[in-house]
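Q: Based on what follows, work out the 3D shape:
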Amino acid sequence: MKFVPLVNAVLVSATLYALVFERDRLMGFVGSPPPPETAAPAEAPPQQAVAVQAVHSVARPVDQAVLTRGQTEAARRVEVRSETSARVISDPLRRGAEVRAGDVLCQLDPGTRLAALAEARAKLTEAQLNATAAEKLQAGGYRSESAAAAATASLQEAQAGLEAATREIGRLTITAPFDGILEDDSAELGSLLSAGSLCATVIALNPIRLVGFVAETEIDRIAPGATVAARLATGREVTGQVTYLSRSADATTRTFRIEAAVDNPDRTIREGQTVEMRIMAEGTQAHFLPASALTLNDAGDLGLRVAQDGVARFLPATFLRDTPEGVWLTGLPEAIDVIVVGQDYVTDGTALAVTLRDTPPATTPEPQR
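A: Next comes the predicted model:
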């Protein structure tokens, strides 16, 4: 009976030893696999792709315009002035009258100029006779060379006198230098004009000139011959071409003068009218997309969500202009797949299940105003 507790103690010790030090073998003996020493990390479940709709967009050239304001000017303006002193003997032409090149604007009183012309002609005839006689006498040895030279000089002087008298007679008739319109009345009948006095002002309105000033940041985008679309204050729209670009900036405004010519056969465009000019400039590459495709990133930047390599990406974009059909955007790659449905429910790196749909048609945009 004394051996029973001892046997029980040995059995308990053997059991504890087996459970602690021989646990793997014991578990294998009873059929349970040993637990792994280190548990392997569980793999993350694959991310579920988000279904979106996208359009494939390719950048295309878009015309841009340089906008400026200015006014109309006459293509030609001349103040016709007298070159001599005399009294006006012609009836005045009234302002607004159309004149042709060569039409008489002011006729001046010849006074004694006709008599001076007759005297100059007579002196020329006398000088010609004296020169001829001197030449013959010199050839016969009856006159000195110096006397013959003096006769020749007198002849040339008489010719110059006649020419001066003739030109003075020509100054009595003041004519229009080109086809145009009288800006004011010509000199009144009986008024005395001195050399430099104004007879009339003639302007040419066909073609009409459009004058504006362009900022130095825009001047390099304009070239001579560029098309100009202009709108007058009355709402009338006309088209012309750039004829002049200033090479020197205005000292005060740092802007450059630009001129364009517009046909005005009926002269209905007047000088001094306010005009809005849109000068066609070199275009830029832009994408035409629905306005609903625009979104913002976390930083508040305007741009697009695009499908790239099966995931979503945000691309910042620059707004160019809008139309009723969509918007024009720049600053993007040449070809992109733009998410147009579901872009607000994805972020950068989100897996996508993309369905492409037709790209909206792009109408030719009007130049920017």
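Q: Tell me the spacing between the nearest residue to residue 259 once chain neighbours are set aside and residue 275.
A: Once flanking residues are discounted, residue 259 sits nearest to residue 244: 4.0 Å by CB to CB, 6 or more residues apart in numbering. C-beta coordinates here come from the backbone N, C-alpha and C atoms, glycine included. Going from residue 244 to residue 275 by CB to CB, to the nearest Å gives 16 Å.
Q: Same check on residue 290?
A: Going from residue 290 to residue 275 by CB to CB gives 35 Å.
Q: before we move on, back to that, so residue 244 and residue 275 - more neighbours on which side?
A: Set residue 244 next to residue 275 and count neighbours by other CB atoms under 10 Å: residue 275 wins out with 23 against 13.
Q: That one should be in a helix, yeah?
A: No: under DSSP: H, G, I helix; E, B strand; the rest coil, residue 275 sits outside any helix and is assigned strand.
Q: residues contacting it?
A: For residue 275, the contacting residues are 69-72, 210, 212, 230-233, by CB atoms under 8 Å, 6 or more residues apart in numbering.
Q: Then residue 245?
A: By CB under 8 Å, 6+ apart, the residues touching residue 245 are 219, 222-224, 256-258.
Q: Who are the packing partners of whichever strand or helix holds residue 157?
A: Taking DSSP states H and E as the definition, residue 157 sits inside helix 145-170. Using 3 or more CB pairs under 8 Å, 6 or more residues apart in numbering; DSSP states H and E, the elements in contact with helix 145-170 are helix 113-139.
Q: Identify the bridge partners of residue 302.
A: Using DSSP bridges, the bridge partners assigned to residue 302 are residue 296.
Q: since we're on it, how many residues are nearby?
A: 13.
Q: From residue 150, how far off is it?
A: Distance of residue 302 to residue 150, given as CB to CB: 95 Å.
Q: on that earlier part again, next secondary structure after the helix or strand harbouring the residue nearest to residue 259?
A: According to DSSP H and E, residue 244 maps onto strand 237-245. Under the assignment DSSP H and E, the closest C-terminal helix or strand after strand 237-245 is strand 255-262.
Q: now that following strand against strand 237-245, angle please.
A: Going by axes from the mean of the first three to the mean of the last three CA atoms, to 10 degrees, strand 255-262 is angled at 130 degrees with respect to strand 237-245.
Q: Give the rounded mean pLDDT of strand 255-262.
A: The average of the pLDDT scores along strand 255-262 is 95.
Q: can you list contacts of that strand?
A: 68, 70, 75, 207-216, 219, 222, 228, 230, 238-246, 248-250, 269, 277, 279.
Q: give me that answer again for 7 Å
A: Residues from elsewhere that reach strand 255-262 (CB atoms under 7 Å, 6 or more residues apart in numbering): 75, 207-216, 219, 222, 228, 230, 238, 240-246, 249, 277.
Q: can you pull the buried residues of that strand?
A: Within strand 255-262, the residues that count as buried by 16 or more other CB atoms under 10 Å are 255-262.
Q: which regions of the chain lie under the pLDDT threshold?
A: Applying pLDDT under 70 to the chain flags the ranges 1-47, 63, 140-143, 283, 359-369.
Q: for it, longest strand please?
A: Secondary structure assigned by DSSP state E gives strand 60-81 as the longest strand of the chain.
Q: Now do that one: distance to the chain's middle.
A: Relative to its chain's centre, strand 60-81 lies at 11 Å (CA atoms, centre = their mean, to the nearest Å).
Q: do the same with stretch 235-243
A: Distance, stretch centre to chain centre, for stretch 235-243: 13 Å (CA atoms, centre = their mean).
Q: go on, stretch 348-356?
A: Computed by CA atoms, centre = their mean, the chain-centroid distance of stretch 348-356 equals 42 Å.
Q: can you list the residues that contact that stretch?
A: With CB under 7 Å, 6+ apart as the test, stretch 348-356 has contacts from 47, 49-56, 307, 310-314, 337, 346.
Q: Just the buried residues of those.
A: 50, 52, 54-55, 307, 311-314, 337, 346.
Q: Just list whatever residues bridge to the nearest residue to residue 48 once chain neighbours are set aside.
A: Nearest non-adjacent residue to residue 48, counting by CB to CB, 6+ apart: residue 351, 7.3 Å away. When bridges are called by DSSP bridges, residue 351 pairs up with residue 311.
Q: What is the burial count for residue 351?
A: Using other CB under 10 Å, residue 351 is surrounded by 13 other residues.
Q: How about the secondary structure of residue 307?
A: Assigned with three-state DSSP, residue 307 falls in the strand class.
Q: Okay, and the beta partners of it?
A: Beta bridges link residue 307 to residue 312, judged by DSSP bridges.
Q: Report the contact partners of it.
A: Contacts for residue 307 (CB under 7 Å, 6+ apart) come out as 54, 337, 339, 352, 354.
Q: measure the first one to residue 325 for me?
A: Spelled out, it's residue 54. 18 Å.
Q: that older thread, just put the contacts of residue 275 in a markdown table and tack on neighbour count and distance to residue 97.
A: As requested, these are exported to a markdown table (neighbours: other CB atoms under 10 Å; distance: CB to CB, whole Å):
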| residue | neighbour count | distance to residue 97 |
| --- | --- | --- |
| 69 | 10 | 32 |
| 70 | 21 | 28 |
| 71 | 16 | 24 |
| 72 | 22 | 21 |
| 210 | 28 | 25 |
| 212 | 22 | 30 |
| 230 | 22 | 28 |
| 231 | 15 | 30 |
| 232 | 17 | 24 |
| 233 | 10 | 26 |
